[in-house]
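Visitor: Dropping a prediction and its sequence here:
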Amino acid sequence: MAAQRGGGAVIARLRQGLVRWQARRSPVAAQVQLGQRQIYIMPDRSGAAFGVVLLLILLAAINYQNSMAYALVFLLGSVFVVAILHTFRNLSGLRISGAGTPAVFAGEHARFVLRLESVNREHQAIGVGWSANQLQSVDIAARSALELELNLPTLARGWLPAPRIRLQSTFPLGVLRAWSYCNLGQQVLVYPRPLEGELPVMASDLQDVEGEGQRVAGQGVDDYQGLKAYQPGDSWRRLHWKAYSRGAQLLVKEFADLRGRDLCLDFMALGGDVEQRLSRLCHWVLALSREQRPFALRLPGLYLPVECSDGHREACLRALALYGQKP
């Protein structure tokens, strides 16, 4: 058991060293053009089987001194060598860059957009993905570009950095595998998962403002203003039946909603843990923004004043996503 643990530790250190070595050869960059330093090439399983077959044919040719067998070995061997060049060239010169990554909510899939551009030759059957087991195959025509999208599940709020991107090709014969890694430094902002709940405002903000007859927006009651003549379309619930029973004309009670102060979504007005509070605040930021109602947001150590705009909504969502995290 101790030997197994020791062997596992050695393998883990070797893998970490390999990752650091690859990172030095392919540092983080907004745009990468694949070349000799970034591309690795090795025979795959079919290539290994191809080599074994060549070795067996060579042994048979040596044993039987058969010139046709020698010719076949040299011919297939030269094809293998030429395939190395073509497999390498299929990746070489490919230019990769990242496009915009829209923010998402926790639980959704983050969408990382990549742009693949051919400089002077076509690139066929290029596999692109996060790992060798999950690759999208694309073809890029000469002197053209295409965009593709890679998805990544999100579990928690905050910045989600994209893993290294793997590009590989086995074109044209499928006996060799050329691959490369690139890190474009992409990251996506993940907002908290919206969670319905009570309006997160302090209890004092829900009380009447003395002497002004006003209430907080969204929590007040209608204020009686008087009577007006009935018009088709008015609610029957507001009809003044007593006046009508005394022979007066049909009148309707008129109310007005006096909103003297705007809402302030307060972190401290909620119960539960930090993530639950942020999720409920996120829900109300979205709800009030849809209704175009001005509101403020108060977090410990941060206050965003009352406003009603798309920029204010994005600023609030960003503050919720990054709350408590290192800048």
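Guide: The structure has been received and is ready for your questions. Numbers count the residues shown, from 1 in each chain.
Visitor: C-alpha from now on. contacts and neighbour counts both.
Guide: Fine.
Visitor: residues in contact with the closest residue to residue 84 other than its chain neighbours?
Guide: Counting by C-alpha to C-alpha, 6 or more residues apart in numbering, residue 84 lies nearest to residue 176, which is 6.8 Å off, once chain neighbours are set aside. Residues near residue 176 by C-alpha atoms under 8 Å, 6 or more residues apart in numbering: 41-44, 46-47, 83-84, 87, 170.
Visitor: Tell me what residue 176 is bridged to.
Guide: Bridge pairing for residue 176 (DSSP bridges) gives the partners residue 43.
Visitor: Residue 105 now?
Guide: For residue 105, the beta-bridge partners are residue 191 (DSSP bridges).
Visitor: need the contact list for it.
Guide: Shown in contact with residue 105 (C-alpha under 8 Å, 6+ apart): 154, 157, 190-194.
Visitor: Switch the residues you listed over to JSON lines; also include pLDDT and neighbour count.
Guide: Converted to JSON lines, these look like this (pLDDT from 0 to 100; neighbours: other C-alpha atoms under 10 Å):
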{"residue": "154", "pLDDT": "94", "neighbour count": "18"}
{"residue": "157", "pLDDT": "94", "neighbour count": "24"}
{"residue": "190", "pLDDT": "96", "neighbour count": "27"}
{"residue": "191", "pLDDT": "96", "neighbour count": "27"}
{"residue": "192", "pLDDT": "96", "neighbour count": "28"}
{"residue": "193", "pLDDT": "95", "neighbour count": "23"}
{"residue": "194", "pLDDT": "94", "neighbour count": "19"}
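Visitor: can you pull the buried residues of the helix or strand where residue 78 lies?
Guide: Assigned by DSSP states H and E, residue 78 belongs to helix 67-91. Across helix 67-91, burial judged by 16 or more other C-alpha atoms under 10 Å covers 69-70, 73, 80, 83-84, 86-91.
Visitor: Just list the residues touching residue 140, thanks.
Guide: Taking C-alpha under 8 Å, 6+ apart, we find residue 140 in contact with 116-118, 122-124, 146.
Visitor: can you rerun that using 7 Å?
Guide: Contacts for residue 140 (C-alpha atoms under 7 Å, 6 or more residues apart in numbering) come out as 118, 122-124, 146.
Visitor: follow-up on the earlier one: CA-only coordinates of the helix or strand following the helix holding residue 78 in PDB, if you can.
Guide: For helix 67-91, the following helix or strand on the C-terminal side (DSSP H and E) is strand 95-98. What follows is strand 95-98 as a C-alpha-only set of coordinates in PDB (Å, rounded to 0.1, in the frame of the first residue of the first chain):
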ATOM      1  CA  ARG A  95      -4.500  31.100 -35.500                       C
ATOM      2  CA  ILE A  96      -6.700  30.900 -32.400                       C
ATOM      3  CA  SER A  97      -8.300  33.900 -30.500                       C
ATOM      4  CA  GLY A  98     -11.100  34.300 -28.100                       C
END
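Visitor: Can you tell me which helices and strands strand 95-98 packs against?
Guide: When contacts are defined as 3 or more C-alpha pairs under 7 Å, 6 or more residues apart in numbering; DSSP states H and E, strand 95-98 sits against strand 31-33, strand 109-117.
Visitor: Tell me how far residue 141 lies from residue 324.
Guide: According to C-alpha to C-alpha, to the nearest Å, residue 141 and residue 324 sit 47 Å apart.
Visitor: And residue 195, by the same measure?
Guide: For residue 195, the distance to residue 324 - C-alpha to C-alpha - is 19 Å.
Visitor: between those two, which one's more packed in?
Guide: For residue 195 versus residue 324, neighbours defined as other C-alpha atoms under 10 Å are more numerous around residue 195 (15 against 11).
Visitor: and the helices and strands packed on strand 95-98 as a markdown table, adding mean neighbour count and distance to residue 246?
Guide: Compiled in a markdown table, the helices and strands packed on strand 95-98 are given as follows (neighbours: other C-alpha atoms under 10 Å; distance: least, C-alpha to C-alpha, whole Å):
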| stretch | mean neighbour count | distance to residue 246 |
| --- | --- | --- |
| strand 31-33 | 18 | 83 |
| strand 109-117 | 20 | 66 |
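Visitor: Could you dump those strands into a markdown table and include distance to residue 52?
Guide: Converted to a markdown table, these look like this (distance: least, C-alpha to C-alpha, whole Å):
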| stretch | distance to residue 52 |
| --- | --- |
| strand 31-33 | 35 |
| strand 109-117 | 36 |
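Visitor: okay, the ones you listed in TSV with mean pLDDT and distance to residue 100 next?
Guide: As requested, the helices and strands packed on strand 95-98 are exported to TSV (pLDDT from 0 to 100; distance: least, C-alpha to C-alpha, whole Å):
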stretch	mean pLDDT	distance to residue 100
strand 31-33	91	13
strand 109-117	93	7
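Visitor: Quick check: the residue nearest the centre of the chain vs residue 20, distance?
Guide: Nearest to the mean C-alpha position of the chain, by C-alpha atoms, centre = their mean, lies residue 110 at 1.9 Å. Separation of residue 110 from residue 20 (C-alpha to C-alpha) stands at 26 Å.
Visitor: got it, and residue 39?
Guide: From residue 39 over to residue 20 the distance is 16 Å, taken as C-alpha to C-alpha.
Visitor: Next: residue 8.
Guide: Computed as C-alpha to C-alpha, the residue 8 to residue 20 distance reads 18 Å.
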